[in-house]
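Enquirer: Need a 3D model of the sequence below.
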Amino acid sequence: MPIHYHINPELNLILFIGEGLVTGSDYFKTAEIASQDKLRKWGMVTIVDLLSAETDFELQDMRFAIEFTNSLSRKSLEPEQVIAITSSKAIKLISDSLKLLPSKVPIKLDLVETIDELISFLGITEQRQDFLIFYESCKNGK
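Expert: This next block holds a predicted model:
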C-alpha cells in the first residue's frame, strides 16, 4: 500500500504517510483500516503527509469525502481536523473545491507545506521534539 498510518495517543494524532502514487481510494482504504486500530480515538487530528507522494484524486473521491462528512452529522459527530502536508497545487485546488461544495457539515481540511508550519499550526511548539521523534520514526518505518 502506498500509504501507511501511525497513531500517537499522547499527541492525539494519526499520521498518514504517502509514498509514490497515492490515490483517493488508497487513502480511504487505509483510513478505514486505521479506524479499527485500538489506539484510534474519535477526535484525533489527522495529518496526511504527501511530501513524498504523487497524488491521483478523482471527483468520486471528493464525493466520498463529502458523503462521509455528511454521515457524521447523522451520527451527531463533529468532523475531525485533517491537515495535509503538501506543496501540490492540485491538492490545494481539491481542498478549496471541497470547502466550496455543499455539505451539511463543513470539512475541516487545512494545508501546510512544511513540518515547521505543521507544528506551528497545531500549536505544539512545546512538544516539538516529541513530535519530530514520532514523525521521523514513522518516516523511517519504525
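
Enquirer: can we go C-alpha only for contacts and neighbour counts from here?
Expert: Will do.

Enquirer: And the helix or strand of the chain with the lowest mean pLDDT, how far out from the chain middle?
Expert: Of all helical and strand segments in the chain, the minimum by mean pLDDT, DSSP states H and E falls on helix 59-74, at a mean of 76. Put simply, helix 59-74 sits 15 Å off its chain's centre (C-alpha atoms, centre = their mean, to the nearest Å).

Enquirer: quick one: buried residues of that helix?
Expert: 61-62, 65-66, 69-70, 72 (16 or more other C-alpha atoms under 10 Å).

Enquirer: next one: stretch 29-46
Expert: Counting neighbours by 16+ other C-alpha under 10 Å, stretch 29-46 gives 30-31, 34, 40, 44-46 as buried.

Enquirer: Can you tell me what sits against that stretch?
Expert: Contacting residues not belonging to stretch 29-46 are listed as 3-5, 7-9, 12-16, 80-83 [C-alpha atoms under 8 Å, 6 or more residues apart in numbering].

Enquirer: do stretch 96-112 as well
Expert: With C-alpha under 8 Å, 6+ apart, stretch 96-112 has contacts from 62, 66, 69-70, 73, 78-87, 92, 95, 118.

Enquirer: that older thread, just put the buried residues of helix 59-74 in a markdown table and tack on distance to Gly123.
Expert: As requested, the buried residues of helix 59-74 are exported to a markdown table (distance: C-alpha to C-alpha, whole Å):
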| residue | distance to Gly123 |
| --- | --- |
| Asp61 | 30 |
| Met62 | 28 |
| Ala65 | 26 |
| Ile66 | 27 |
| Thr69 | 25 |
| Asn70 | 28 |
| Leu72 | 26 |
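
Enquirer: Can you get me a residue count around Leu118?
Expert: 19 (other C-alpha atoms under 10 Å).

Enquirer: Kindly report the same for Lys89.
Expert: Around Lys89 there are 9 residues (other C-alpha under 10 Å).

Enquirer: can you give me the helices in the chain?
Expert: Using DSSP state H, the helices of the chain run over 24-35, 59-74, 89-100, 115-122, 128-139.

Enquirer: Those: lowest mean pLDDT?
Expert: When those are compared by mean pLDDT, helix 59-74 comes last with a mean of 76.

Enquirer: now the angle between helix 24-35 and it, please.
Expert: 30 degrees (axes from the mean of the first three to the mean of the last three C-alpha atoms, to 10 degrees).
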